[in-house]
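Asks: how does the following fold in three dimensions:
(one chain, ligands or ions: 1)
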Amino acid sequence: MENKKPGICPVCLSKAYFWKEKTSKKIRYRIEKCDNCGHAFVNPRPSFDEIAAFYSNSEQNKKEYTVTEETIINERKKQHEETGDAHDLIKEIENTNTNKECKAFLDVGCGSGFFSKEATEKGFDVVSLELSSGKRAIAKKLLGKEPLATSFEDYDSEQRFSVILMSQILEHVVDINLWIRKANWLLAREGVLVISLPNFNSVFRFFLQEKDPFICPPIHLNFFNSKSIKLLLEKHGFRIKKIENISRIPSSVLEKRIPGLFRTTVPAWTLFANILLKIMNLFHMGMMINVFAVKKENVDNER
Ligand SMILES: [Zn+2]
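Replies: Numbers count the residues shown, from 1 in each chain. Purely as a prediction, here's the structure:
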C-alpha cells in the first residue's frame, strides 16, 4: 500500500505521500499527507454509496425518535464539551460581521441546533441544514421549526448570507474545494465564514498517530491543520480574520480517572490541565481549530 505513486493535495496541489492506513468495519482506508502544507486526507475517497451505507445503520437515523427534556440536556452537555459554548461563538461572529444590514445566517450541518438557536436569539434570520433525522428532531424541538433535510451540495438559494457556519462538518466532506467555493458564492459582500474542526497537528494526534479518535474514516475524510485550512480559504477568496485553537478536557474525564480518595484534588488537576491546554493552543497544537474568514472577493460565480 505504501508504494503507490503520490497523490495530489486538494488544498495546495503539492505531492502527498502515504501516511497511515486505518481499518473500519473491515474496510481499509489509505491516508495521505501533503509534503508542503501537512494536510492529510483519505485517498482514494470512498464512494457516496459506501458512506451512505455506513451512516444508514446509525442510531441517529432511526425513523422513530423520541425527544425528551433529558435528551436536550444531554445533547447540550455533549455539544458544550465537543464544540464549546454556543453563546461565545455567536458573540465572536457578531464582532467579526461588519455587514450589519444583512442578518441572514446559514448553519450548515446544524446538529441539535444549539448554534442556530443562539443566532436566532441574537436577531439573525437562520436557515439550518441537517441530514440526520435524529438531530433534526432535537433541533425542531429546540428551534420550533425543523431544519432542512438537505446536503450543502444540493442546497440552493437566491438569498445571500452574511454568515455561514460550518461547525464540525468540513472534516466529513468529500469535495472540500466545492464546499468553500460554494460558501464564497452564497455569502454577501464582507460575509463571514466560520469553520470549526479537529486539529491534525494536536499534541494528542502526535502521541496517538492514527489511533487518535478524530482519525476515523469514512466518517472523517479530511484532517486539517491551521496552515492547511488557512490556505484553502485564501485560495477561494477569503481573508483570515482570526484563527485560534480550542482545547477542552471535560471535568468528568478527570473525575473518572482520579480515585475516590483523591476526588478533592480534581479542581487542582483541572486547573493544571487547563494551563497545559492553553500552552498547546498557543503553539497551534490544540484539539480544535476555529477560523473566522471574511469574503474578500467573488472568486468565481460557478458553484
Ligand atoms: Zn498541501
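
Asks: and the helices in the stretch 201-303 of the chain?
Replies: Under the criterion DSSP state H, counting those that start in this stretch, the stretch 201-303 of the chain contains helices at 203-208, 226-235, 251-257, 266-282.

Asks: okay, the second one in CSV with CA atoms only?
Replies: Below are the C-alpha coordinates for helix 226-235, written out as CSV (Å, rounded to 0.1, in the frame of the first residue of the first chain):
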residue,chain,number,x,y,z
SER,A,226,-4.0,25.7,11.0
LYS,A,227,-1.9,26.1,7.9
SER,A,228,-4.0,24.0,5.5
ILE,A,229,-7.4,25.4,6.5
LYS,A,230,-5.9,28.9,6.0
LEU,A,231,-4.5,28.1,2.6
LEU,A,232,-7.8,26.5,1.5
LEU,A,233,-9.8,29.6,2.5
GLU,A,234,-7.3,32.1,0.9
LYS,A,235,-7.4,30.1,-2.3
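
Asks: for that helix, packing partners?
Replies: If contacts are counted by 3 or more CB pairs under 8 Å, 6 or more residues apart in numbering; DSSP states H and E, helix 226-235 sits against helix 176-186, strand 187-198, strand 238-246, strand 288-295. Yep, even glycine has a C-beta here, placed from its N, CA and C like the rest.

Asks: list the contacts of Arg98.
Replies: Arg isn't right for residue 98; it's Thr. Residues counted as contacts of Thr98 (CB atoms under 8 Å, 6 or more residues apart in numbering) are 190, 294.

Asks: hang on, the earlier thing: figure out which of the helices of the stretch 201-303 of the chain is closest to the ion.
Replies: If you check each of these against the ion by CB to the ion, helix 226-235 wins as the nearest, at 6.0 Å.

Asks: and that closest one, how far out from the chain's middle?
Replies: When C-alpha coordinates are averaged (CA atoms, centre = their mean, to the nearest Å), helix 226-235 and its chain have centres 15 Å apart.

Asks: in that helix, what's buried?
Replies: Neighbour-count burial for helix 226-235 flags 226-233 (criterion: 16 or more other CB atoms under 10 Å).

Asks: try stretch 43-56
Replies: For stretch 43-56, the neighbour count (16+ other CB under 10 Å) marks 43, 45-46, 51, 54 as buried.

Asks: out of the residues you listed, which sit inside helices?
Replies: Secondary structure from DSSP state H places 51, 54 of the buried residues of stretch 43-56 in helices.

Asks: for the buried residues of stretch 43-56, which one is nearest Asn199?
Replies: Using CB to CB, Asn43 is the member of the buried residues of stretch 43-56 that sits closest to Asn199, with 20.2 Å.

Asks: can I assume the closest one is in contact with Ala16?
Replies: Yes - counting by CB atoms under 8 Å, Asn43 touches Ala16, with 7.1 Å between them.

Asks: using TSV, please lay out the helices and strands packed on helix 226-235 together with mean pLDDT and mean neighbour count.
Replies: Shown next, in TSV, are those (pLDDT from 0 to 100; neighbours: other CB atoms under 10 Å):
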stretch	mean pLDDT	mean neighbour count
helix 176-186	96	20
strand 187-198	94	22
strand 238-246	93	17
strand 288-295	94	24
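
Asks: hang on, the earlier thing: quick check: neighbours shared by Asn43 and Ala16?
Replies: 7, 32.

Asks: compute the first-to-last residue distance for stretch 116-134.
Replies: One end of stretch 116-134 to the other measures 16 Å (CA to CA, to the nearest Å).

Asks: repeat that for stretch 144-156.
Replies: End-to-end span of stretch 144-156 (CA to CA): 23 Å.

Asks: buried sites along that stretch?
Replies: Neighbour-count burial for stretch 144-156 flags 147, 152 (criterion: 16+ other CB under 10 Å).

Asks: quick one: that stretch to chain centroid distance?
Replies: 17 Å.

Asks: just the element for Lys91, please.
Replies: Assigned by DSSP states H and E, Lys91 falls within helix 86-96.

Asks: got the CA coordinates for stretch 72-89 in PDB?
Replies: Extracted in PDB, the C-alpha atoms of stretch 72-89 (Å, rounded to 0.1, in the frame of the first residue of the first chain):
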ATOM      1  CA  ILE A  72     -31.900  18.100  25.200                       C
ATOM      2  CA  ILE A  73     -30.000  18.400  28.400                       C
ATOM      3  CA  ASN A  74     -27.600  15.500  27.400                       C
ATOM      4  CA  GLU A  75     -27.200  16.900  23.900                       C
ATOM      5  CA  ARG A  76     -26.400  20.400  25.300                       C
ATOM      6  CA  LYS A  77     -23.800  18.900  27.600                       C
ATOM      7  CA  LYS A  78     -22.200  16.900  24.800                       C
ATOM      8  CA  GLN A  79     -22.300  19.800  22.400                       C
ATOM      9  CA  HIS A  80     -20.700  22.100  25.000                       C
ATOM     10  CA  GLU A  81     -17.900  19.600  25.600                       C
ATOM     11  CA  GLU A  82     -17.200  18.900  22.000                       C
ATOM     12  CA  THR A  83     -17.700  22.300  20.300                       C
ATOM     13  CA  GLY A  84     -17.700  24.800  23.000                       C
ATOM     14  CA  ASP A  85     -20.100  27.400  24.200                       C
ATOM     15  CA  ALA A  86     -22.700  28.500  21.600                       C
ATOM     16  CA  HIS A  87     -23.100  31.900  23.200                       C
ATOM     17  CA  ASP A  88     -19.300  32.700  23.000                       C
ATOM     18  CA  LEU A  89     -19.100  31.600  19.300                       C
END
